[in-house]
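Q: The following block contains a protein sequence and its predicted model.
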Amino acid sequence: MQKVSLTALARQQADRAASAGGGHAAGTVYGGHEKVLRQTVIGMSQGASLAEHENPGEATVQVLHGRVRMIAGTQSWEARTGDLLIVPDTRHSLEALEDSAVLLTVAKLL
């Protein structure tokens with residue numbers, strides 16, 4: 001059994017994002033390339049974005065703090081602390097509308 005503080009990890013990644021060149025920083029909480037499930041905390045400074053990319057598998061984005069916008073084609077969804085976004089099965093991007101931290105959960109397609 002292992003316990004992880006998402007609040008502490010969110011704060012840590014948000015602090016790292018503030019000094020990162022692209023305005024975002026990430027760290028794996030659980031899983032990895034050898035696992036089906038992977039969870040990653042991503043800190044993003046206001047105005048930073050994760051450029052459009054493919055969906056790596058079934059995925060969700062839980063907003064730990066802040067406010068973000070996910071964009072896929074002509075559609076967009078805004079989410080704030082406590083909200084859960086279901087990542088669309090298409091190319092998409094994510095931008096921070098304010099300093100934010102999210103938990104990305106991905107179950108890779110087999």
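A: Arrived safely, thanks for sending.
Q: okay, CA-based contacts and neighbour counts for the rest of this
A: Will do.
Q: so where do the helices sit in the protein?
A: Here the chain has its helices, by DSSP state H, at 6-19.
Q: could you say what helices and strands the helix or strand of it at the bottom of the mean pLDDT ranking packs with?
A: Least confident helix or strand of the chain, by mean pLDDT, DSSP states H and E, is strand 49-53 with a mean of 89. Under the contact criterion of 3 or more C-alpha pairs under 8 Å, 6 or more residues apart in numbering; DSSP states H and E, strand 49-53 touches strand 92-96.
Q: Could I get the buried residue list for the strand it packs on?
A: Residues of strand 92-96 classed as buried by neighbour count (16 or more other C-alpha atoms under 10 Å): 92, 93, 94, 95, 96.
Q: That strand - what's its average pLDDT?
A: Averaging pLDDT along strand 92-96 yields 96.
Q: now stretch 102-110
A: pLDDT averaged over stretch 102-110 gives 87.
Q: re earlier: make CSV from the buried residues of strand 92-96 and add distance to residue 1 to it.
A: Putting these into CSV (distance: C-alpha to C-alpha, whole Å) gives the following:
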residue, distance to residue 1
92, 34
93, 34
94, 32
95, 34
96, 33
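Q: So which of these is the closest to residue 36?
A: For those, the minimum distance to residue 36 (C-alpha to C-alpha) is 21.1 Å, reached by residue 92.
Q: Am I right that the closest one is in contact with residue 49?
A: No: the criterion here is C-alpha atoms under 8 Å, and residue 92 misses it with residue 49 at 11.0 Å.
Q: The closest residue to residue 95 other than its chain neighbours - how many residues pack around it?
A: Distances taken as C-alpha to C-alpha, 6 or more residues apart in numbering place residue 49 nearest to residue 95, at 4.0 Å, with adjacent residues excluded. Using other C-alpha atoms under 10 Å, residue 49 is surrounded by 19 other residues.
Q: State the distance from residue 61 to residue 21.
A: 23 Å (C-alpha to C-alpha, to the nearest Å).
Q: Run through the bridge partners of residue 86.
A: Assessed by DSSP bridges, residue 86 has beta-bridge partners residue 60.
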